[in-house]
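In: sequence and predicted structure, then a few things I'm wondering about:
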Amino acid sequence: MDSCPPPDPSQALGMTVMLDRETIAYVDPNSAYFEDFGPFDGRVWLNTAHQGPLPKVAREAGRVALEQKVRPHLLRDEDFFEVPGRLRAALGKLVGASPDDIILANSTTYGLDLLANGMQWQRGDEVLVVDGDFPADVFPWLILRNQGVVVRFIEAQAGRVDPQQLSSEISPRTRLFCTSWVNSFSGWTIDAASIGQICRKNNVIFVLNAAQGLGARVLDLQALAVDAVTCCGFKWLCGPYATGFSWLSPTLRESLTPQHAYWLAMQAGKPLSKMRDYSLRTDLGARAWDVFCTANFFNFMPWTAAIEYLLLAKPQSVARYDQQLVTQFLQNLDEDRFELISPRAEPERSTLIVMRPRKPQEAGIWQERLSIAGFDVAVREGNLRISAHLHNSREDIVGLMRVLSS
Ligand SMILES: Cc1ncc(COP(=O)(O)O)c(C=O)c1O
């Protein structure tokens, strides 16, 4: 990584996409969101709860990242700091937090793993999880049983605990409660505000997994009593696979035992031409917890473009649009054929529509039928799961309903 002043990458490539703020300037705020995605080769992707599609602008940013590697003279030393810095800024803006408190990650699990391994546990400490939750919310704690930590499952309808129930489950030994904002299998949303209040009142650390919510609903960390949020980037945030982030409250973060000391993090604010300073820095804040290779160009450049795009599109407007698609679907659903498992109305309703064919064992058959007709949906735990996002149009839902009623 010798320093050498490169030409402006965008000019050298002769591309319209640039690596500065102008990257997304050509996104027309008046055009329909779905025009900013694709091509989908004539198919309709209704499985954002699994993988969200990259917007066009993110594809371009990915192309720039690839070209920089093909022609390494385009890669500047500063990029190793500016790329993660820009992503952190976009994520901070998205969740109403300081960028300095954002930890860059490769998954949802990354933040849970940091907490499980960074907290100082006593034998008999209790972690509460929800029976029916996504396994990422369970495994990082289960392994602590080796250290005498008790992991207790709360039996909750639709894998979604309500505040009163949580209140009655908390014991004097409960240290932490971890759950999904939106349940991946039932589509139910928790009342994160009330649950946060209950945790705070009982001195319990509240860890919120936002993987199935953020991007489709608004998260404002200024308004929530939450201690940690963890999220992946590849669903509703429309980033590449192997992206994610966490936010930990500064108090919680500072209480953790440091897990790693990464040389490039230690180099923050210093030139790469001089790096043999072995002092272990303690002034890095959240950056000290970042995933290694934090300037993960191939993933983080497109993801940053995707998040900047969502910010430009306005998260509140995207949330409203997504809910309109859900409403359109639910108003037209033939309930003689399908039993709705996910909630009918907000605030419990999410953007995950889960339903069970009335004839048992038919979910797979329906999935196949839909796939042949060009509609990609998921089957989870025996149910059909449909998850539309801003890349979908009202016509997509009309076409889907046509197949479902045929
Ligand atoms: C609620 C929830 N959490 C986490 C994940 C994924 O976890 P990770 O980002 O660690 O792969 C998923 C789906 O893949 C999910 O639905």
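Out: Yep, that arrived.

In: what strand or helix carries residue 231?
Out: strand 228-232 (DSSP states H and E).

In: residue boundaries of the helices in the stretch 1-150 of the chain?
Out: For the stretch 1-150 of the chain, helices defined by DSSP state H, counting those that start in this stretch occupy the ranges 9-13, 56-70, 79-95, 109-118, 139-142.

In: what's the closest of the ones you listed to residue 310?
Out: Residue 310 lies closest, by CB to CB, to one member of the helices of the stretch 1-150 of the chain: helix 79-95, at 7.1 Å. C-betas here are computed from N, CA, C, even on glycine.

In: who in this structure is up against the ligand?
Out: Within reach of the ligand by CB under 6 Å from any ligand atom, the chain has these residues: 107-109, 134, 136, 180, 184, 209, 211-212, 232, 244.

In: of those, which pair is most distant in space?
Out: 184 and 244 (15.2 Å).

In: turn the helices of the stretch 1-150 of the chain into CSV, columns for mean pLDDT.
Out: As requested, the helices of the stretch 1-150 of the chain are arranged in CSV below (pLDDT from 0 to 100):
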stretch, mean pLDDT
helix 9-13, 40
helix 56-70, 92
helix 79-95, 96
helix 109-118, 98
helix 139-142, 98
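
In: minimum distance to residue 389: which of those helices has it?
Out: So among the helices of the stretch 1-150 of the chain, helix 56-70 is nearest, using CB to CB, at 13.8 Å.

In: what helix or strand does residue 176 sit in?
Out: strand 174-180.

In: what packs against that strand?
Out: In terms of contacts (3 or more CB pairs under 8 Å, 6 or more residues apart in numbering; DSSP states H and E), strand 174-180 is packed against strand 126-131, helix 192-201, strand 205-209.

In: do that again at 7 Å, thanks
Out: Other elements packing on strand 174-180 under the criterion 3 or more CB pairs under 7 Å, 6 or more residues apart in numbering; DSSP states H and E are strand 126-131, strand 205-209.

In: who does that strand pair up with?
Out: strand 126-131 (parallel), strand 205-209 (parallel) (DSSP bridges).

In: determine which stretch of these is the most buried.
Out: Of all the strands paired with strand 174-180, strand 205-209 carries the top mean neighbour count, a mean of 26, counting by mean count of other CB atoms under 10 Å.

In: tell me the angle of that strand relative to helix 109-118?
Out: 160 degrees (axes from the mean of the first three to the mean of the last three CA atoms, to 10 degrees).

In: confidence score at residue 260?
Out: At residue 260, the model reports a pLDDT of 89.

In: tally of neighbours for it?
Out: Residues near residue 260, counting by other CB atoms under 10 Å, number 13.
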